[in-house]
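K.L.:
structural data only, the sequence is not supplied:
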């Protein structure tokens with residue numbers, strides 16, 4: 001199926017899919033998985049700042065993706081994309 005026919009995922013769903021779900025992302029970031037599950041219910045956006053510690057989620061996720069060999073861009077964090 002061509003890329004244009006596949007549904008574009010919102011940023012939160014794309015991040016969770018790339019990191020194999022909230023549990024795995026929680027393990028990799030030492031964060032409660034419910035944090036990431038809430039992203040999907042709050043408009044599907046990845047927040048810029050972590051309310052708990054003030055950390056920059058976008059930079060943290062981009063660095064984690066690079067370190068673990070996953071594809072993720074700043075554009076995808078803002079606008080979503082395809083798997």
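P.N.:
Perfect, thanks for sending it. Note that the structure is a prediction, hence the values are computed from the model and not measured. Numbers count the residues shown, from 1 in each chain.
K.L.:
contacts for stretch 14-26?
P.N.:
Contacts to stretch 14-26, defined as Cβ atoms under 8 Å, 6 or more residues apart in numbering, come from residues 9, 28, 31-37, 39-40, 46, 61, 64-65, 70-72, 76-77, 80-83. The C-beta positions use only the backbone N, C-alpha and C, and glycine is treated the same way.
K.L.:
mind jotting down where the helices sit in this protein?
P.N.:
In the chain, the segments counted as helices under DSSP state H are 11-18, 22-29, 33-41, 57-68, 74-79.
K.L.:
mean pLDDT for those: which is lowest?
P.N.:
Lowest mean pLDDT of the helices of the chain: helix 33-41, a mean of 93.
K.L.:
which elements pack onto that one?
P.N.:
helix 11-18, helix 22-29 (3 or more Cβ pairs under 8 Å, 6 or more residues apart in numbering; DSSP states H and E).
K.L.:
which non-adjacent residue is nearest residue 65?
P.N.:
Counting by Cβ to Cβ, 6 or more residues apart in numbering, residue 65 lies nearest to residue 72, which is 3.7 Å off, once chain neighbours are set aside.
K.L.:
quick one: the one you found and residue 5, what's the gap?
P.N.:
Computed with Cβ to Cβ, to the nearest Å, the distance linking residue 72 and residue 5 is 22 Å.
K.L.:
those two: who's more crowded?
P.N.:
Shown here are residue 72 and residue 5; by other Cβ atoms under 10 Å, residue 72 has more neighbours (20 against 6).
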